[in-house]
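Undergrad: Would you be able to build a 3D model of this:
(one chain, ligands or ions: 1)
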Amino acid sequence: MLNIVLFGPPGAGKGTQSGLIIEKYGLIHLSTGDILRSEIANGTQLGLEAKRLMDEGLLVPDAVVVGMIATKIEANPGAKGFIFDGFPRTIAQAQALDEMLQEKGTGIACMVSLVVPEDELRKRLLLRGQETGRSDDNEETITRRIKEYLDKTTPVAGYYESKGKLHSIKGVGSVNEIFDGICEVLNAQGGA
Ligand code: ADP
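TA: Numbering: from 1, shown residues only. Purely as a prediction, here's the structure:
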């Protein structure tokens, strides 16, 4: 299997690049943000509780997202591999993911980290808010999300770095230029 973590702050372009990666490499895309938004759209209890936190720009509890990911992994037994987008976002989530994959006799091949300066992130997220009406893409919530990212999520890059699995890529430029950088990393993992 080829399992990769696509990492980066809110607005780094993880969703956009995931679409290109799944098409080229035949991987299954697991975005905890997307799964949570579909829970909200379906009006589930979990969605209701998550929405409150998401609209405040705070992380939802580890147990919730870990459970969601476990369910998705179980639901795709024949997968060539997974691309994890927006997960893991804490060290506890990273450890839980390693355990889940280890039980399946596999693991994370690498983390691809998209590096984008904060002023560019804010610009992109505000524009997305105007274009899509996404409720957490407003000035106040963006500030909270970036703070959560810096406080709780950046250590996750160190977790993979210590295992020699971190690959940082410049996340500014054209979508295709950035994708080429990602492909170089994935091809070196035997993804081609
Ligand atoms: P972005 O990366 O632009 O913030 P996401 O769609 O990945 O967008 O996440 C939106 C929100 O969903 C986050 O602000 C957080 O509240 C929640 N969320 C998504 N993934 C996780 C996760 N792995 N752990 C905790 N909360 C999460």
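Undergrad: What sits closest to residue 143 if chain neighbours are left out?
TA: Distance criterion Cβ to Cβ, 6 or more residues apart in numbering; nearest residue to residue 143, sequence neighbours excluded, is residue 57 at 7.3 Å. All C-beta spots, glycine's among them, are computed from the backbone N, C-alpha and C.
Undergrad: Got the confidence number for that neighbour?
TA: Per-residue confidence (pLDDT) for residue 57: 97.
Undergrad: what sits against it?
TA: By Cβ atoms under 8 Å, 6 or more residues apart in numbering, the residues touching residue 57 are 136, 140-145, 147-148.
Undergrad: so which of the residues you listed comes closest to the ligand?
TA: residue 145 (4.9 Å; Cβ to the nearest ligand atom).
Undergrad: Would it be right to say that the closest one lies in a helix?
TA: Yes: checked against DSSP: H, G, I helix; E, B strand; the rest coil, residue 145 lies within a helix.
Undergrad: That one against residue 12, yeah?
TA: No: Residue 145 sits out of contact with residue 12 when judged by Cβ atoms under 8 Å, with a separation of 11.6 Å.
Undergrad: can you list the residues of this protein near the ligand?
TA: 10-11, 32-33, 36, 53-54, 57-60, 65, 86-87, 89, 93, 136, 145 (Cβ under 6 Å from any ligand atom).
Undergrad: Okay, buried residues for stretch 98-112 please.
TA: For stretch 98-112, burial by neighbour count (16 or more other Cβ atoms under 10 Å) applies to 100-101, 106, 108-112.
Undergrad: Just put these in CSV and tack on pLDDT and secondary structure.
TA: Shown next, in CSV, are the buried residues of stretch 98-112 (pLDDT from 0 to 100; DSSP: H, G, I helix; E, B strand; the rest coil):
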residue, pLDDT, secondary structure
100, 97, helix
101, 97, helix
106, 96, coil
108, 98, coil
109, 97, coil
110, 97, strand
111, 98, strand
112, 98, strand
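Undergrad: Where does pLDDT dip in this structure?
TA: 192 (pLDDT under 70).
Undergrad: quick one, what contacts the residue of it at minimum distance from the ligand?
TA: With Cβ to the nearest ligand atom, the shortest gap between the chain and the ligand falls at residue 33, namely 1.8 Å. By Cβ under 8 Å, 6+ apart, the contact set of residue 33 is 15, 85-86.
Undergrad: For those, give me JSON lines that also has neighbour count, distance to residue 161 and secondary structure.
TA: What follows is the contacts of residue 33, written out as JSON lines (neighbours: other Cβ atoms under 10 Å; distance: Cβ to Cβ, whole Å; DSSP: H, G, I helix; E, B strand; the rest coil):
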{"residue": "15", "neighbour count": "16", "distance to residue 161": "24", "secondary structure": "helix"}
{"residue": "85", "neighbour count": "23", "distance to residue 161": "19", "secondary structure": "strand"}
{"residue": "86", "neighbour count": "22", "distance to residue 161": "19", "secondary structure": "coil"}
